[in-house]
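Asks: I need the structure of the sequence given here:
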Amino acid sequence: MASAVVVEAAAAKRYIQQHNEVELSALGMAITTVVTIAEILKNNGFALEKKVATSTVGMKDETRGRMVQKAKIEIVLEKTEKFDSLMSANNSPKAAAAEATNSDDKKEEGKQ
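Replies: Below is the predicted model:
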């Protein structure tokens, strides 16, 4: 079964295919997931980083009833020139499975 990150990266790819760019954003602990998705798309040649912005946002902590600051990231990626040729090469089931495996291998390399 594909990991959630691979599924989200595929969804971001489809969005880029239709709109030429995608904005990924996350708060708190979800930031690592968004960064991983962006890196998968960049490392596989599908996207270029257009903009990265970080900030903090105030949110009410429901359990404590007080305001807390949460980290926020926004990453805008744009379609590469070779996007369409990569997508046509990746439309076969074997290529999709290989991409998922390569992405998982890259994540493992980063842990070492």
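Asks: Quick one: the strands in this protein, in order.
Replies: For the chain, the strands defined by DSSP state E cover 21-27, 47-61, 66-79.
Asks: Could you export these to JSON lines, including columns for mean pLDDT, distance to Ala4 and mean neighbour count?
Replies: C-beta coordinates here come from the backbone N, C-alpha and C atoms, glycine included. Shown next, in JSON lines, are these (pLDDT from 0 to 100; distance: least, CB to CB, whole Å; neighbours: other CB atoms under 10 Å):
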{"stretch": "strand 21-27", "mean pLDDT": "97", "distance to Ala4": "13", "mean neighbour count": "17"}
{"stretch": "strand 47-61", "mean pLDDT": "96", "distance to Ala4": "19", "mean neighbour count": "12"}
{"stretch": "strand 66-79", "mean pLDDT": "96", "distance to Ala4": "17", "mean neighbour count": "16"}
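Asks: Out of those strands, flag the one nearest Val7.
Replies: Smallest distance to Val7 across the strands of the chain (CB to CB): 13.9 Å, for strand 21-27.
Asks: For Val34, see how far away Gly58 is.
Replies: From Gly58 over to Val34 the distance is 20 Å, taken as CB to CB, to the nearest Å.
Asks: cool, and Val76?
Replies: Distance of Val76 to Val34, given as CB to CB: 12 Å.
Asks: and if you look at Asn43?
Replies: 15 Å.
Asks: the more surrounded of these two?
Replies: Ranked by neighbour count (other CB atoms under 10 Å), Asn43 and Val34 place Val34 first, with 19 against 12.
Asks: Apart from its neighbours in sequence, what residue is nearest the more buried one?
Replies: Ala26 (4.0 Å; CB to CB, 6 or more residues apart in numbering).
Asks: hmm, back to that, let's have the strands of the chain in TSV, adding distance to Ser88.
Replies: Formatted as TSV, the strands of the chain follow (distance: least, CB to CB, whole Å):
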stretch	distance to Ser88
strand 21-27	19
strand 47-61	16
strand 66-79	14
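Asks: nearest to Tyr15, of those?
Replies: Of all the strands of the chain, strand 21-27 comes closest under CB to CB, at 4.6 Å.
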